[in-house]
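1. dropping a prediction and its sequence here:
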Amino acid sequence: MKQIRPIDDVVQKDVLARFDELAKPQNSLGRLEKLVAQAAGIYGKHSPTIERKIIFLMAADHGITQEQVSPHPSDITRQMVLNFLNGRAAINVLARHFNTEIVITDMGVKGDLSQLLGIFNKKIAQGTGNIAKEAAMSREMAERSIKIGREVFEEVFAQRQIDLIGLGEMGIGNTSASSAIISLLTGAEVEEVVDSGSGLTPDGIKHKITVIKQAISLHKPDINDPIDILSKVGGFEIGGLIGCIFAAAQRKIPIVMDGLISGACALLAIKLNRVIKDYLFTSHCSREKGHKVVLDYLGMTPIFDLEMCLGEGTGAVFGMNFLEAGFKLLNQMATFTDLKKINQSMRNNN
């Protein structure tokens, strides 16, 4: 991983001071002021504007679905990718509303999607291995998934400057992979992390916990080696999003996380380079309890909490627009000095 520079503390302090000059009570915009200051520190600019926003949506299948850890068949992954391309999924509706682009990448969806338009075809394999019985992927595949994520980001960036990104994903079974990653990197018990996913019954949750424990026990991932964890219990889309995270950070672009799966990506990325944490914003707290484990472990506070747990980047797209609105406040609001000038001008005209 290339070096990631620390964000600019001086710019952060200057932006907070600028908020204090605006025509409002000090700190009356609450945490939004600090979030905007952090983003400004990433840009290294005092008054940046956000024009091009992109959700990077990575999709892949997971072999662990063979263990019935999800109430939905793995075919749903492919069906949802088609839905994204048709513009009818929840993330499509929200992205249109917020004037945000979606970049879809096939990292390992079962079936041939190579003839479809509007998708990056980067398939590494027809889904990961069943981690209850074999490693998710080889170490080389894990490294390649991260590289592909970086390449996709750079190809999109080369078309036109990107100002802000959000993380999105699709992959039936990826809450199991993410739960394993979260348990390993936070030290939380699997029971503290696993939830109903996309609708498991209580018995289904117990079974899911058993399967994830079996996978961790079988592979014994090295908790000090993020690539080992990714290769043994991760997913191709998880690696792809890690690549996007690093590429964006190197370009000094803020990254807005979504829910449980992007939380697992964040843990792995921070383990690879701890400076990455300052480039990340957590949009919301997912209803999946494992996501709260991630946020507590990282000491991160979500921008909002609507008890969402859909994925796709649906939380991230809201969070991105909180930041955009914050910068508009910073750049467009009058200061108390401006008000004095206006009053003086009115007196002179009278």
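-> Cool, got the structure.
2. what's stretch 288-297 in contact with?
-> 175, 178-179, 182, 185-186, 188, 192-195, 197, 259-260, 263-264, 266-267, 282, 285-286, 301-302, 309 (CB atoms under 8 Å, 6 or more residues apart in numbering). For glycine as for every other residue, the C-beta is placed from the backbone atoms N, C-alpha and C.
3. now, of those, which are buried?
-> Those of the contacts of stretch 288-297 that meet the buried threshold are 175, 178-179, 182, 185-186, 188, 192-195, 197, 259-260, 263-264, 266-267, 282, 285-286, 302, 309, by 16 or more other CB atoms under 10 Å.
4. looking at those, which are in helices?
-> In helices, judged by DSSP state H, the following of these are found: 175, 178-179, 182, 185-186, 192-193, 260, 263-264, 266-267.
5. and those residues, which is closest to Lys220?
-> Of all those, Lys220 sits closest to Leu185, with 14.4 Å by CB to CB.
6. nearest spatial neighbour of that closest one, chain-adjacent residues omitted?
-> Nearest residue to Leu185, sequence neighbours excluded (CB to CB, 6 or more residues apart in numbering): Leu267, at 4.4 Å.
7. return the alpha-carbon coordinates of stretch 301-319 using PDB.
-> Extracted in PDB, the C-alpha atoms of stretch 301-319 (Å, rounded to 0.1, in the frame of the first residue of the first chain):
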ATOM      1  CA  THR A 301     -20.300   8.200  15.800                       C
ATOM      2  CA  PRO A 302     -22.800   7.800  13.000                       C
ATOM      3  CA  ILE A 303     -24.300  10.900  11.300                       C
ATOM      4  CA  PHE A 304     -27.800   9.400  11.700                       C
ATOM      5  CA  ASP A 305     -29.700   6.300  12.800                       C
ATOM      6  CA  LEU A 306     -32.800   5.400  11.000                       C
ATOM      7  CA  GLU A 307     -32.500   1.700  11.800                       C
ATOM      8  CA  MET A 308     -31.700   0.900   8.200                       C
ATOM      9  CA  CYS A 309     -30.000  -2.400   7.200                       C
ATOM     10  CA  LEU A 310     -30.500  -2.600   3.500                       C
ATOM     11  CA  GLY A 311     -26.900  -2.200   2.200                       C
ATOM     12  CA  GLU A 312     -26.300  -1.300  -1.400                       C
ATOM     13  CA  GLY A 313     -24.900   2.100  -0.200                       C
ATOM     14  CA  THR A 314     -28.300   3.400   0.800                       C
ATOM     15  CA  GLY A 315     -27.000   4.800   4.100                       C
ATOM     16  CA  ALA A 316     -23.800   6.100   2.500                       C
ATOM     17  CA  VAL A 317     -25.700   8.200  -0.100                       C
ATOM     18  CA  PHE A 318     -27.600  10.000   2.700                       C
ATOM     19  CA  GLY A 319     -24.400  10.600   4.600                       C
END
